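Visitor: here are the coordinates; sequence isn't available:
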């Protein structure tokens, strides 16, 4: 169909569905541990799981308990970090003196040397900061978990956390082991430094106190509320450990769970077996309160196997508890609605008031829900893609994006020559136009909430006005890209590998 030149196009919304498939997005998900001794360089480095986007690097520096870290060891650390960056694995970094549970024996004799090591490591960490999700611990303690050390008095902890964050030039998040340690360390920090301080928890569900993470069962409840209210600004994660008193779901139990639209909350409904009373403090609720972004995929195997064996109903399909958790670690963005809207203009005061009275502004409004347990912590750009290409070959219904998907993700764009050139660019043949959405920050799309994106009509209309020889309508997509390198952050909608089809102007 060829449209007449002066005919106004109407926006036809696409049907939007949530995908049930695992999504490989940066900075979130399952991880496994890779251990390296800086005193003994391995002949080669390797990746154990291509599907995981995260890796925890346990860096053993115990051999240097009596000396500065030699330059050769720091070069080896750079080689390790560079390898994981090249292989697109974001790093959870934990340099430690001890990897065997004997922290007292392996750590230096003086606080001064610990600080020296932090200063040396900090320079390397800053160099690779963009690919480091979080640094765990302050070098000391059994397995670097901040217990079993002579350097964990309140005074020493304040000194070491400040020293480490300063050595990294505040370029990375630093995670301490417990809420009490967080509060102690934060007492002596300014706001900016405090916003670098987060938590890691390697005892999630392991006991009524998460293996000592919380001071008591009652304190755990209070601290979970505090975490939910106060620690949504940075990545939290760790290891889950089997203890059914806390996890709330026993082996073999089928549980029906449904997400509530635009909240991301989880509700328990009638199931084949009675749900335990502790389900009120359930796995899903606790992971959401903690803002969990990452979990160990290898430990505790007993609990992970239980989660894999337990099934639940979600979005009309049966899914394992393990898969549901994996889908919701970190952020999970879903486009729920898109509409062409007209609303009363904001009326200014003074002499212009009469001129604007009754005027309406038009915009494309997009509703995005974050149903993940946590948030996005890297700057990203929302991009509107406008496809005006005449489709010469039919496209499979499953992928309505592009005849050549790679063009959409990697096609060369040049700036337009109009008034929108600062935010708008197009392919040389004009078939694809991309517009950077102004005032859109995906870091504000908070877990369990729905957010609105408004794209004013005066930005879209120059490229959606009727033209001759435009067939099949003008397709509008929404894409999210990591700002520092343009990496695609995939929405959790079906058939949205390179962007969500919002609708078509016909």
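Guide: Thanks, I have it. Just so we're clear, the structure is a prediction, and the values are computed from it rather than from any experiment.

Visitor: Give me the number of neighbouring residues for residue 177.
Guide: Residue 177 is flanked by 24 other residues according to other C-beta atoms under 10 Å. For every residue, glycine as well, the C-beta is placed using N, CA and C.

Visitor: Next: residue 175.
Guide: Residues contacting residue 175 under the criterion other C-beta under 10 Å number 28.

Visitor: Now do the strands in the stretch 351-500 of the chain.
Guide: Listed from the start of the chain, the stretch 351-500 of the chain has strands (DSSP state E, counting those that start in this stretch) covering 360-370, 380-387, 414-415, 424-426, 432-436, 449-456, 474-482, 488-489, 500-505.

Visitor: OK, contacts around the closest residue in space to residue 17 that isn't next to it in sequence?
Guide: Once flanking residues are discounted, residue 17 sits nearest to residue 494: 4.4 Å by C-beta to C-beta, 6 or more residues apart in numbering. Applying C-beta atoms under 8 Å, 6 or more residues apart in numbering to residue 494 gives the contacts 17, 18, 19.

Visitor: Output these as CSV; include the columns neighbour count.
Guide: Output for the contacts of residue 494, formatted as CSV (neighbours: other C-beta atoms under 10 Å):
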residue, neighbour count
17, 14
18, 19
19, 17
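
Visitor: and which of those residues is nearest to residue 326?
Guide: The shortest approach to residue 326 among these belongs to residue 19, at 13.2 Å (C-beta to C-beta).

Visitor: Would you mind measuring from that closest one to residue 384?
Guide: Taking C-beta to C-beta, to the nearest Å as the measure, residue 19 and residue 384 are separated by 21 Å.

Visitor: just checking, residue 23 touches residue 488?
Guide: No - when contacts are counted by C-beta atoms under 8 Å, residue 23 is not listed as touching residue 488 (10.7 Å).

Visitor: Quick check: neighbours shared by these two?
Guide: Common neighbours of residue 23 and residue 488 are not found (criterion: C-beta under 8 Å, 6+ apart).

Visitor: Which strands or helices does the helix or strand residue 336 falls within pack on?
Guide: Counting by DSSP states H and E, the element that carries residue 336 is strand 333-344. If you count contacts as 3 or more C-beta pairs under 8 Å, 6 or more residues apart in numbering; DSSP states H and E, strand 333-344 packs onto strand 11-13, strand 360-370, strand 474-482, strand 500-505.

Visitor: Which parts of the second one count as buried, going by neighbours?
Guide: I take that to be strand 360-370. Going by neighbour count (16 or more other C-beta atoms under 10 Å), the buried part of strand 360-370 is 363, 364, 366, 367, 368, 369, 370.

Visitor: How far off centre is the strand holding residue 336?
Guide: In terms of C-alpha atoms, centre = their mean, to the nearest Å, the centre of strand 333-344 is found 24 Å from the chain centre.

Visitor: Tell me what angle it forms with strand 449-456.
Guide: Calculated by axes from the mean of the first three to the mean of the last three C-alpha atoms, to 10 degrees, strand 333-344 forms an angle of 50 degrees with strand 449-456.

Visitor: ok, strand 333-344: who's next to it in the sheet?
Guide: Counting by DSSP bridges, the strands paired with strand 333-344 are strand 360-370 (antiparallel).

Visitor: How far away from the center of its chain is the strand it pairs with?
Guide: Relative to its chain's centre, strand 360-370 lies at 23 Å (C-alpha atoms, centre = their mean).

Visitor: model confidence over it, on average?
Guide: On average, the pLDDT along strand 360-370 is 92.

Visitor: Need phi/psi at the closest residue to residue 114 other than its chain neighbours.
Guide: Excluding the flanking residues, the one nearest residue 114 by C-beta to C-beta, 6+ apart is residue 108, at 5.5 Å. Backbone torsions of residue 108, given as degrees, to the nearest 10, read phi -60, psi 160.
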